[in-house]
Structures are given as C-alpha cells and as structure tokens.
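Undergrad: Generate coordinates for the sequence data below:
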Amino acid sequence: MRRVDRSGIVLAALGAIAFSGKAIIVKLGFRYGADAVTLLALRMAVALPFFVGMGVWAARRAPRLTRADRWRILALGFFGYYLASFLDFAGLAYITATLERLILYLTPTLVLLIGVAFAKRRPTRLQLIALGTSYLGVLLAFGHDLDHGGSDIVLGGGLVFGSALAYAIYLYGSGEIVARIGAVRLTAYASSVASVLCIGQFLLLRPLDALALPPQVYWLSLLNGTACTVLPVLATMLAVKRIGSATAAQIGMLGPVSTIVLSLFVLGEPMGAWQVAGTLLVMAGIFVVSRQRVA
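TA: The predicted structure is shown next:
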C-alpha cells in the first residue's frame, strides 16, 4: 500500500474517532451543570475562529459568491450545522451516547429517502433491505435504553432523529453548490453561519450568569470545539482527497464503535447484547446503502 493511502486511512479513522467524542464531552458537560444551549454556544465560540480562517484561506482565488449562493449557504448553515447540532445536544440529555451515534448514523438512509420523495429516485431492492436492517438495529438499541431509562428516552430519540434529518437535508441540498464553490469553502461558510446562530441563541435564551460554570466545562468545551469539531472536519476532508469519499465513508464506521467504547469506559453507560446487536445491524445496513446507487 502506498504511503499516501496509509495517510488517508489514518486521517479518516482519526476524523471518525475524534467526531464520536463529541457526545461523550457533551454528556460530561451535563454532569457539571451545563445545559445544551450553553454547551453548544461554547463549542461554536471555540470553533468559529478556525472556520473563519478556513473560509478566508479557501476564498483566496475563488470566484465571488452570487446572491443566490449566499442564501443557499445561510439555509445550509441553519439546517446542517445549527439545527442539527442543537437537536443533537438537546437529545443527548435523555439518551445514551451510543444510541445517539446510531441514530445519527441513519443520515445516509434519510438522504436516500429524501431523494426518493423529491427526485423520484428508485432505490434498489438491496437498498430497501439495508434500510430495514438499519432501522431494526436502532430499534434494538432503543429498546436497550428503554430498559435502563424512562419515558424521556422517546423524547431524546426523537430530538436526535430530527438532528439526523436536518443534516440529511443539508447533505441533499449541498450537492449542487459544493461542486461550484468547493467543499472546504462551503463547510467553512456554513459552519460560521451556524456558529453565529448558536452564540446568538445563547444570548437570547440565557442570561450571562449562565456562564458561571465550573472550569471543567470550559476545558471540555475547548476540547469539543477543537478536537471534536474542527479536527475531524479537516481530517475527513484531507482523507477524502487522498482515498476518495467511498473509502473514507467506510472507515467512518469506526465512529459508532469508538462511541460505544468511550461511553462504556468514560461515562460508565450500560452495555447489553441488544445494543451490540443493534450496532452491528445499523453498520451493516449503512454500509450497503452507502455503496449502492439509486436508479
């Protein structure tokens, strides 16, 4: 295997593992008394300077954006990075990190279903089987959480599923514009929009006294904004450039596995056979959906 291939594989694995740590850090932040709105604002406040820098670098020799492109970026930033992040953080208050990661991993299936609904694309029989397998896996993991939690599990699962749907809308809507303005530029601009919205949401909904938090929350937010937000974005982009999006997506399946390991050893969350079985089903289904094309 060539050196460039190895580096791409390492970058893809690093991105998947680093991004999966986000849920662990959020759950730890809850234990120190912070809420979803505050944690999200702190995370994006840390990440915003990096995204602005990425945007400036990507726009050096790029053509100016049209007015239509600006509106699309605003919409994509709202759905893909603000709404999806907020619903995700809110849902994590009620469900385990492992279930959260499995629900978010359904995003490719939702992109497929959006294409079926709005572009009249026809999924293959194998894709339909894979869809059923993925959702069966989530139901198994969901049942595990219900046994160890309460009725709020349904609320948390619904919020995180809404997060997956919002990000699927972003992915589906970014198909045309990303080819025109570039992946780095689009990610940087959309993420910057989301960062401003997240910080603005905190200023509207919370008093400044809400920032009187233990130092651990700020250290966790610094880690979340850098190692679990900016780093995986850059690592995944570099990996895609080296090994292609298909291979990077397959390596990204390390995400649910790393979340399980981290939630077990860092958070002490319960782990059962149904959750393991559900994880395997979801990963198998998503693997098939990601590799197949629609007619």
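Undergrad: Next, please give the residue ranges for the helices of the stretch 151-295 of the chain.
TA: Along the stretch 151-295 of the chain, the stretches classed as helices by DSSP state H, counting those that start in this stretch are 152-181, 183-205, 215-225, 231-243, 245-251, 254-262, 273-291.
Undergrad: Run through who's touching the second one.
TA: So that's helix 183-205. 37-38, 40-41, 43-45, 47-48, 51-52, 54-55, 57-59, 62, 73-74, 76-78, 80-82, 85-86, 170, 174, 177-178, 210, 233, 237, 240 (CB atoms under 8 Å, 6 or more residues apart in numbering). Yep, even glycine has a C-beta here, placed from its N, CA and C like the rest.
Undergrad: and what of the fourth one?
TA: Identification of contacts with helix 231-243 by CB under 8 Å, 6+ apart yields 4-5, 7-9, 11-12, 14-16, 18-19, 54, 183-184, 187, 191, 248, 251-252.
Undergrad: Export it to CSV, keeping only CA atoms.
TA: Only the C-alpha atoms of helix 231-243 are listed here, as CSV (Å, rounded to 0.1, in the frame of the first residue of the first chain):
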residue,chain,number,x,y,z
LEU,A,231,-10.1,18.5,13.7
PRO,A,232,-12.5,15.8,12.3
VAL,A,233,-13.7,18.2,9.6
LEU,A,234,-10.2,18.9,8.4
ALA,A,235,-9.1,15.2,8.8
THR,A,236,-12.1,13.9,6.9
MET,A,237,-11.6,16.5,4.0
LEU,A,238,-7.9,15.5,3.7
ALA,A,239,-8.8,11.8,3.8
VAL,A,240,-11.4,12.2,1.0
LYS,A,241,-8.8,14.0,-1.1
ARG,A,242,-6.4,11.1,-0.6
ILE,A,243,-8.5,7.9,-0.7
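Undergrad: buried stuff in it?
TA: 231, 232, 233, 234, 235, 236, 237, 238, 239, 240, 242, 243 (16 or more other CB atoms under 10 Å).
Undergrad: What of stretch 178-186?
TA: 178, 181, 183, 184, 185, 186.
Undergrad: out of those, which one sits closest to residue 219?
TA: residue 184 (28.5 Å; CB to CB).
Undergrad: related to what we said a few turns ago, make JSON lines from the helices of the stretch 151-295 of the chain and add distance to residue 93 to it.
TA: Shown next, in JSON lines, are the helices of the stretch 151-295 of the chain (distance: least, CB to CB, whole Å):
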{"stretch": "helix 152-181", "distance to residue 93": "7"}
{"stretch": "helix 183-205", "distance to residue 93": "15"}
{"stretch": "helix 215-225", "distance to residue 93": "15"}
{"stretch": "helix 231-243", "distance to residue 93": "22"}
{"stretch": "helix 245-251", "distance to residue 93": "29"}
{"stretch": "helix 254-262", "distance to residue 93": "17"}
{"stretch": "helix 273-291", "distance to residue 93": "19"}
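Undergrad: among those, which gets the worst mean confidence?
TA: Among these, helix 245-251 has the lowest mean pLDDT, at a mean of 67.
Undergrad: how about stretch 28-38: buried residues?
TA: 28, 29, 34, 35, 36, 37, 38.
Undergrad: and those residues as CSV, adding distance to residue 140, pLDDT and secondary structure?
TA: Formatted as CSV, the buried residues of stretch 28-38 follow (distance: CB to CB, whole Å; pLDDT from 0 to 100; DSSP: H, G, I helix; E, B strand; the rest coil):
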residue, distance to residue 140, pLDDT, secondary structure
28, 26, 94, helix
29, 28, 94, helix
34, 31, 94, coil
35, 30, 94, coil
36, 26, 94, helix
37, 31, 95, helix
38, 33, 96, helix
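Undergrad: How about the contacts made by residue 170?
TA: 76, 79, 80, 81, 84, 190.
Undergrad: ok, now how distant is the first one from residue 13?
TA: This means residue 76. For residue 76, the distance to residue 13 (CB to CB, to the nearest Å) stands at 27 Å.
Undergrad: And those two? Which one has more around it.
TA: Higher neighbour count among residue 76 and residue 13: residue 76, with 25 against 18, using other CB atoms under 10 Å.
Undergrad: Now that one: phi and psi?
TA: In terms of degrees, to the nearest 10, the main-chain angles of residue 76 are phi -70, psi -40.
Undergrad: Pull the contacting residues for it.
TA: Counting by CB under 8 Å, 6+ apart, residue 76 has contacts 170, 173, 174, 177, 186, 190.
Undergrad: Also residue 79?
TA: Per CB under 8 Å, 6+ apart, neighbours of residue 79: 166, 167, 169, 170, 173.
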